[in-house]
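Peer 1: The sequence and its predicted three-dimensional model are supplied below.
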Amino acid sequence: MYLLYIFQLFMYSDKKVDLKINIIGPMGTGKTSLLNQYVHKRFQNDYRNTLGAHILTKTIQLEKKTIKMQIWDTGGQERFRSLVSSFYKGSDGCLLVFDVTDEESFSSLETWRTDFMNKIQSPVTNFPIIILGNKIDLGGRQVSRELAVSWCEERKLLYFEVSAKDNINVELAFETLARGALIHYQECRESHLTESIKLTQLKDSHDSACC
């Protein structure tokens, strides 16, 4: 009962929460365009390839809390993969983007997802990753919705079809991830608190033991 009370106090005491979000995926899938559409409500066609990471923030209200999202837009070039993956640590959620007009970007999703999960080493299960199929406004589609949905269902991942240009499902995708990331953040805090309580109890029992 005491432990439950501590959990509840710990979970709801903070009115403001900082969440780290990564948006990752192959080069040219429109990650920067999606981020700028979400944060600045604008679309540009002339973005240069991101080298390393570009960070934007956005503050929203969610579950009676003020959520400050620090969103890391990471480069998709293969030669920068080791550098980019160093930015994954401490993440609370991930958007993994492919281009529905580029079958190769879809085929690489598993590699990106595996690399991300190996790097973050999350202490809780069901880490929030959402797959985004971008550029649905364009013709020449190479990856069907059915194929993408099936791939995600096999891995128990949420999937959204989006368009950075036409602002289709962009806000919905980011804020759905924010909800999952908030749960992850709270579960991590619970996990750390539980370990702290266990260690304290163990220390107390040793201190009180007779010599």
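Peer 2: It's in.

Peer 1: List the buried residues in the helix or strand where S105 lies.
Peer 2: Per DSSP states H and E, S105 falls inside helix 103-107. Within helix 103-107, the residues scored as buried using 16 or more other Cβ atoms under 10 Å are 105-106. (Glycine included, C-beta is placed from N, CA and C.)

Peer 1: same check, this time on stretch 55-72
Peer 2: Using 16+ other Cβ under 10 Å as the test for burial, stretch 55-72 gives 56, 58, 67, 69-72.

Peer 1: For that stretch, which outside residues touch it?
Peer 2: Applying Cβ atoms under 8 Å, 6 or more residues apart in numbering, the contact partners of stretch 55-72 are 14-23, 35-36, 38-39, 53-54, 73, 87, 91, 174-175, 178-179, 181-182.

Peer 1: After the helix holding S105, which helix or strand is next? Please name it.
Peer 2: Using DSSP H and E, the helix or strand that follows helix 103-107 towards the C-terminus is helix 109-120.

Peer 1: residues in contact with that next one?
Peer 2: 22, 24-26, 81, 85-86, 88-91, 94, 96, 98, 127, 129, 131, 151, 155.

Peer 1: Strand partners (parallel or antiparallel) of the following helix or strand past that helix?
Peer 2: Going down the chain from helix 109-120, the next helix or strand is strand 129-134, by DSSP H and E. Take DSSP bridges as the rule and strand 129-134 pairs in its sheet with strand 93-99 (parallel), strand 158-161 (parallel).

Peer 1: possible to save those as CSV with distance to L147?
Peer 2: Shown next, in CSV, are those (distance: least, Cβ to Cβ, whole Å):
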stretch, distance to L147
strand 93-99, 11
strand 158-161, 11
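
Peer 1: Out of those, which is the most enclosed?
Peer 2: Comparing the strands paired with strand 129-134 by mean neighbour count (mean count of other Cβ atoms under 10 Å), strand 93-99 ranks first with a mean of 25.

Peer 1: For that strand, list the C-alpha coordinates in CSV.
Peer 2: Output of strand 93-99 as CSV, limited to C-alpha atoms (Å, rounded to 0.1, in the frame of the first residue of the first chain):
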residue,chain,number,x,y,z
GLY,A,93,9.7,7.7,-28.2
CYS,A,94,10.5,7.3,-31.9
LEU,A,95,9.0,8.1,-35.2
LEU,A,96,10.4,5.9,-38.0
VAL,A,97,9.7,7.3,-41.4
PHE,A,98,9.7,5.7,-44.9
ASP,A,99,8.6,7.1,-48.3
